[in-house]
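Trainee: No sequence on hand, only this structure:
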């Protein structure tokens, strides 16, 4: 009834966006800007929320997708003048912490894992294996660096040096993001960008998050017991559960499980 009577005050609403999983451009199950764009836009626009809460449970992934999603959240928060509060579940590490840092405040469970502010690249070298099995690798390029880090060829020191330069540059972008978003909260005498992880209590002491707390009780304490929660998330079509998509989702599930396992989860 309240919505039809303009002189009656409506109960406050908090829009909740769930960001759970590995961050990447591939796969419908992965967190990426293309999939989340309409979700995030709707959360900030529908029903005039008093705040947007982010439920984060991510071990990280693509730095570009992390940046795009985080930038979209910040852009809408500033346009709509709506505060954003992040709540970490199991983990907000690497790109997951990038997303958390897009919020104005960050809270976690006492056992939440936070941090891993670093950049990693991992692959395999199988040139010895194929050589032993009589397989010859044939590659033709225009541009000497076009086959950089080919796993079927011996490692080239120049390629490794180029890769490390790229990783350092991405790391600088990550550090700039954290320093900007957590300005005035981080200690000046400690390096927090080594890739190390912490639980919430220690992360609070280091200024990486703002404290220990859970979504519902904190929002009720801030906006009153009558606050309502409206959840927003990406929807999957019925047909996406079958055929090739099922295979892709299964592969993604294995990769996601491996990513979470890095943090003992």
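Mentor: Perfect, I can see it now. Since the model is a prediction, treat every value here as computed from it, not as a measurement.

Trainee: quick one: contacts for residue 234?
Mentor: By CB atoms under 8 Å, 6 or more residues apart in numbering, the residues touching residue 234 are 35, 36, 39. For glycine as for every other residue, the C-beta is placed from the backbone atoms N, C-alpha and C.

Trainee: Do you know the pLDDT at residue 170?
Mentor: On pLDDT, residue 170 comes in at 96.

Trainee: Correct me if wrong: it contacts residue 120.
Mentor: No: counting by CB atoms under 8 Å, residue 170 sits too far from residue 120 to count as a contact (10.0 Å).

Trainee: Those two: which has the busier surroundings?
Mentor: The residue with more neighbours, out of residue 170 and residue 120, is residue 170; 16 against 11, by other CB atoms under 10 Å.

Trainee: Identify the residue with the minimum pLDDT among the contacts of residue 234.
Mentor: For the contacts of residue 234, the pLDDT minimum is residue 35, 93.

Trainee: show me where the stretch 101-250 of the chain has helices.
Mentor: For the stretch 101-250 of the chain, the helices defined by DSSP state H, counting those that start in this stretch occupy 127-132, 157-181, 200-205, 215-223, 244-261.

Trainee: Centre of the chain to the longest one, how far?
Mentor: Helix 157-181 sits 17 Å away from the centroid of its parent chain (CA atoms, centre = their mean, to the nearest Å).

Trainee: Check which residues of that helix are buried.
Mentor: By neighbour count with 16 or more other CB atoms under 10 Å, helix 157-181 contains the buried residues 170, 171, 174, 177, 178, 181.

Trainee: residues in contact with that helix?
Mentor: Contacts for helix 157-181 (CB under 8 Å, 6+ apart): 63, 67, 70, 97-98, 101-102, 117-121, 145, 148-149, 186, 192-193, 208.

Trainee: In the protein, what helix or strand scores lowest on average pLDDT?
Mentor: Lowest on mean pLDDT, DSSP states H and E among the helices and strands of the chain sits helix 244-261, with a mean of 55.

Trainee: Neighbours of residue 12, how many?
Mentor: The burial count for residue 12: 16, using other CB under 10 Å.

Trainee: Report whether the expected contact of it with residue 220 is present.
Mentor: No: contact criterion CB under 8 Å: residue 12 and residue 220 do not qualify, at 10.1 Å.

Trainee: Residues that sit against both of those two, list them.
Mentor: residue 227.

Trainee: Kindly indicate which of the buried residues of helix 157-181 lies nearest residue 128.
Mentor: Of all these, residue 128 sits closest to residue 170, with 29.9 Å by CB to CB.

Trainee: if I look at the closest one, how far off is residue 67?
Mentor: Applying CB to CB, to the nearest Å, the value for residue 170 to residue 67 is 10 Å.

Trainee: Show the contacting residues for residue 51.
Mentor: For residue 51, the contacting residues are 14, 15, 82, 83, 84, 85, 219, 222, 223, by CB under 8 Å, 6+ apart.

Trainee: let's see it at 6 Å
Mentor: Contacts here follow CB atoms under 6 Å, 6 or more residues apart in numbering; on that basis residue 51 touches 14, 83, 85.

Trainee: and if you look at residue 73?
Mentor: Neighbouring residues of residue 73 by CB under 6 Å, 6+ apart: residue 102.

Trainee: In a helix, it, correct?
Mentor: Yes: judged by DSSP: H, G, I helix; E, B strand; the rest coil, residue 73 forms part of a helix.

Trainee: next one: phi and psi at the nearest residue to residue 50 once chain neighbours are set aside?
Mentor: Among residues not flanking residue 50 along the chain, residue 12 sits closest, at 4.4 Å (CB to CB, 6 or more residues apart in numbering). Here is the backbone geometry of residue 12 (degrees, to the nearest 10): phi -60, psi 150.
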